[in-house]
Structures are given as structure tokens and as C-alpha cells.
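Visitor: sequence and computational prediction follow.
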Amino acid sequence: MTVISGPSAVGKGTLVKRLQENFPQVWVSVSVTSRAPREGEIDGVHYHFVSEREFDELIAGDGLLEWAQVHGAARYGTPAQPVFQARDAGRKVILEIDLQGARQIRKHLPGARFVFVNPPSWQALLERLARRATESNAEIERRLATAKGELAAAGEFEHSIVNDDLDTALAQLVDLIGLQR
């Protein structure tokens, strides 16, 4: 199991998507979230979109491997059952989650591999976040405040990848996971 974390707009999703396109044997967990879908997002593909009540029920029923409130707003979590099913079937499991979730996974699954994705610079992160044009100015400010704390915690991860060039970052991730090219 590999946990991939890093700040918003660092390119985690793009990196994981490219990994999955090139290595379909890799299984990527689809997180649940209490936030509303963004334009173009598909329920069950990008996230499982649930109500606050449904999220509470997942927590109460031990249905989440980890969960956190992210950026002071919506909650995100990893459904436990599909992760364990994929792992037990011998698949290489990828969890693309935030720092809070990674810390919870470390406590519950200490054998997991932890990879932090860094931006090439703070300026590059600012530009990527602005280019996405999916968040309000207030949301961007919340994400940047969160990013500062996440970047400060990068040393908690055994592995680090700088996502300056997607192909290079992907090659590093493939090597870390132990996939055959």
C-alpha cells in the first residue's frame, strides 16, 4: 500500500491518474467527501459524494480507514472495505490523501509506504492553484494556509518526489512502488 500526499495543486491527482493509465494493475482508492461536486466531477469516479449525515454514518460504522476535515471546510475519507479487498486480492493499492489522513494511516497500517509530493517552488504551487480556477479566492487562501503546514511536515514521509516534470515524477513513483516498466 502506498500513501501519496502533498498540498493542493501539487499535481498528486495528475500523477496518480497517469500512474493508473500506464499501470492498470494499480488500484486507486476513491475517497468519499462531504463537499459538492465541482464541474465535470463524476460520483464514484472522482469521489463518492455524500451528505454530512452519510459521512457521520460511515464514521460511526467504522466504514472509513481514515478521515479528516480539510481546509477548514469539507470532510474527506477513505472507505475501508474496498481498500482491504484490493490489498487482499494482491493489488498494489494507492491512497491519495491529505496529511491528516496519512498520519492516521501510519498509526493503523505502519507497513504502508509514504510518499510526499512537493512542488518545485512555492511560486509554482501558487500558479498551479490559480490555473485550476476551481476555488474562490477565500478557498485558495485556505488551501495555501494548509499547504504551508503540509510542506513543513514533508519530513514525516519516507519518500519525497518533486513534481517539476510529470514524466520524471512518474518514473520516480513507479520505481518506489516497484512496478515493472
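Guide: On my side now, so go ahead.

Visitor: those strands in the chain, which residues are they?
Guide: Ranges of strands within the chain are 2-5, 26-28, 32-33, 48-49, 64-69, 75-79, 92-96, 113-118, 159-162, based on DSSP state E.

Visitor: now the fourth one: mean pLDDT?
Guide: So the one you mean is strand 48-49. Strand 48-49 shows a mean pLDDT of 98.

Visitor: can you give the strand pairings for it, parallel or anti for each?
Guide: Take DSSP bridges as the rule and strand 48-49 pairs in its sheet with strand 32-33 (parallel).

Visitor: contacts for the strand it pairs with?
Guide: 47-50, 55, 58, 64, 74-79 (Cβ atoms under 8 Å, 6 or more residues apart in numbering). Quick note: C-beta positions are derived from backbone N, CA and C, even for glycine.

Visitor: what average pLDDT does that strand get?
Guide: pLDDT averaged over strand 32-33 gives 96.

Visitor: and the lengthiest helix in the chain with strand 113-118, angle?
Guide: Ranked by residue count under DSSP state H, the longest helix found in the chain is helix 137-152. If you take axes from the mean of the first three to the mean of the last three Cα atoms, to 10 degrees, helix 137-152 sits at 120 degrees to strand 113-118.

Visitor: about what we covered before: filter the contacts of strand 32-33 down to the buried ones, PyMOL style.
Guide: To isolate the buried ones among the contacts of strand 32-33 in PyMOL, judged by 16 or more other Cβ atoms under 10 Å, type:
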select buried, resi 47+48+49+50+55+58+64+74+75+76+77+78+79
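
Visitor: contacts only, for Q104.
Guide: Contacts here follow Cβ under 8 Å, 6+ apart; on that basis Q104 touches 65-68.

Visitor: could you do D43 as well?
Guide: The neighbours of D43, taking Cβ under 8 Å, 6+ apart as the test, are 37, 49.

Visitor: so what's it bridging to?
Guide: Beta-bridge partners, per DSSP bridges, of D43: Y47.

Visitor: rewinding a little: as a whole number, average confidence for the longest helix of the chain?
Guide: For helix 137-152, the per-residue pLDDT averages 87.

Visitor: would you mark the buried spots in that helix?
Guide: For helix 137-152, using 16+ other Cβ under 10 Å, the buried residues are 140, 142-144, 146-147, 150-151.
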